[in-house]
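Novice: Okay, predicted coordinates and the sequence, questions at the end:
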Amino acid sequence: MRFADPWLLLLLAVPAALAGRLFLHRRRPPDQRIGFPVLGFLATEPPSRWARWRLLPDIIGISVLALLLVALARPQVPHEVREVRSKARNLMLALDISSSMKATDFKPGNRLEVARQVLGDFARRREGDLLGLVVFAGRSFLQAPLTPDTELLGELLGRVEIGQLPDGTGIGTALALCLSQLKDLPSRASAIVLITDGANNTGSPGPFVAAEAARAIGVRIHTIGVSAPDTAGFDDGFIWRQGRTPDRLTSSDERVLRRIADRSGGEYFRATDPEALERIMQELDPLEREEVKINETRDYRELFPWLLAPALVLLAAALVLRGGRLRTLP
């Protein structure tokens with residue numbers, strides 16, 4: 001059972017206070033009363049049967065108020081709960097847009113251009129799924145919340161550019177933002193696909209903390225490292241000096257990505273060219289199409305009429321008693 005407006009239950013403090021006051025003052029005579037000195041000899045007589053019930057109308061009134069307040073909070077129970085078998089998935093895509101993604105080792109474009117194209121093709125194959133997009137560099141940004149509109153996601157992917165965010169590689173913050181979109185959804189039907197070409201070097205939480213959080217709620221993280229063994233450089237004409245090589249995925253970077261994936265129950269992949277990245281995304285398709293059972297509640301049945309009816313009956317009884325044998329003066 002649940003309450004549609006549970007905050008109204010706080011008002012139950014009013015009838016509770018009234019009940020406490022009634023209990024404490026149960027033997028005190030009323031503040032306003034008519035005295036009959038000539039009937040003083042009756043003070044030693046035991047109270048009549050009806051006099052013993054003189055507080056009953058007040059008790060009923062407090063009970064009616066409590067029932068009405070609970071009814072206002074609208075108690076509900078699931079009306080129709082059914083088990084749904086679904087192959088739809090909730091997938092968050094996390095795409096690195098740091099400056100190193102300008103490297104032109106992924107022909108015919110740079111790493112980012114190829115990743116956008118491959119992710120767009122992947123999204124179009126996921127009809128019926130919910131997909132979202134987080135882009136990250138020095139900070140993370142929710143480019144697209146979870147949506148079934150794959151065309152919209154493709155358009156938003158096309159607008160992603162290097163330079164939108166401060167430079168850096170904040171993998172942990174990107175994963176945390178993805179998890180915030182998935183935390184209230186069935187965990188067995190949820191996963192994150194992370195594409196990056198480097199190791200975490202900024203932001204909080206760290207990638208391992210984010211991986212632990214994903215493991216705790218049952219969300220898998222698939223990590224993909226993009227970098228050719230022999231990187232060619234950046235597409236902006238940057239000249240590498242003093243024998244430096246362009247940014248590429250090192251073995252220590254791969255260990256970090258593999259550890260993130262392993263800790264969350266996902267898979268790590270290394271893409272060294274556009275074709276390899278496309279094959280990896282095709283491999284992820286069957287991994288994230290497992291049938292999932294979901295208990296779905298169609299609607300809720302209102303229970304407040306079952307509280308209003310006895311409340312009205314009790315109210316009528318209190319009025320009858322106050323106007324009859326339990327009538328008091330003044």
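Specialist: Okay, I see it.

Novice: For residue 191, give me the pLDDT.
Specialist: On pLDDT, residue 191 comes in at 91.

Novice: Tell me if I am right that it is in a strand.
Specialist: Yes: assessed by DSSP: H, G, I helix; E, B strand; the rest coil, residue 191 belongs to a strand.

Novice: for it, what are its contacts?
Specialist: Applying CB atoms under 8 Å, 6 or more residues apart in numbering to residue 191 gives the contacts 89, 90, 91, 92, 219, 220, 221, 222, 266, 288. C-beta here means a position set from N, CA and C on the backbone, and glycine is covered the same way.

Novice: Excluding covalently adjacent residues, which one is nearest to it?
Specialist: Among residues not flanking residue 191 along the chain, residue 220 sits closest, at 4.5 Å (CB to CB, 6 or more residues apart in numbering).

Novice: so who does the one you found touch?
Specialist: 190, 191, 192, 214, 264, 265, 266.

Novice: now swap in residue 73 and tell me
Specialist: 3, 4, 5, 6, 7, 8, 9.

Novice: Write the ChimeraX selection for whichever of those are buried.
Specialist: In ChimeraX, this line selects whichever of the contacts of residue 73 come out buried by 16 or more other CB atoms under 10 Å:
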select :3
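
Novice: Please produce TSV containing the contacts of residue 73, extended by secondary structure and pLDDT.
Specialist: Shown next, in TSV, are those (DSSP: H, G, I helix; E, B strand; the rest coil; pLDDT from 0 to 100):
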residue	secondary structure	pLDDT
3	strand	86
4	coil	83
5	coil	86
6	helix	87
7	helix	88
8	helix	87
9	helix	89
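
Novice: Could you export the contacts of residue 73 as CSV, including distance to residue 250?
Specialist: Formatted as CSV, the contacts of residue 73 follow (distance: CB to CB, whole Å):
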residue, distance to residue 250
3, 55
4, 55
5, 56
6, 53
7, 54
8, 59
9, 58
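
Novice: Mind picking the two most distant members of the contacts of residue 73?
Specialist: Using CB to CB, the contacts of residue 73 reach their maximum pairwise distance at 4 and 9, which is 11.2 Å.

Novice: Next, please give the residue ranges for the helices of the stretch 151-300 of the chain.
Specialist: Counting by DSSP state H, counting those that start in this stretch, the stretch 151-300 of the chain has helices at residues 171-182, 207-217, 251-264, 274-287.

Novice: hang on, residue 185 packs against residue 90?
Specialist: Yes: when contacts are counted by CB atoms under 8 Å, residue 185 is listed as touching residue 90 (4.9 Å).

Novice: which residues are in contact with both of these two?
Specialist: residue 146.

Novice: So which of these two has more stuff around it?
Specialist: residue 90 (21 against 16; other CB atoms under 10 Å).

Novice: list the contacts for the residue nearest to that one when sequence neighbours are not counted?
Specialist: Nearest non-adjacent residue to residue 90, counting by CB to CB, 6+ apart: residue 190, 4.3 Å away. Neighbour list for residue 190: 89, 90, 91, 92, 182, 218, 219, 220 [criterion: CB under 8 Å, 6+ apart].

Novice: Against residue 170, how distant is the residue nearest to residue 191?
Specialist: 21 Å (CB to CB, to the nearest Å).

Novice: And for residue 224?
Specialist: 17 Å.

Novice: What of residue 185?
Specialist: 23 Å.

Novice: pLDDT wise, what is residue 326 at?
Specialist: As predicted, residue 326 sits at a pLDDT of 67.

Novice: With residue 234 instead?
Specialist: For residue 234, the model assigns a pLDDT of 43.

Novice: now do the one 5 residues further on
Specialist: At residue 239, the model reports a pLDDT of 34.

Novice: do the same with the one 4 residues further on
Specialist: At residue 243, the predicted lDDT confidence score is 37.
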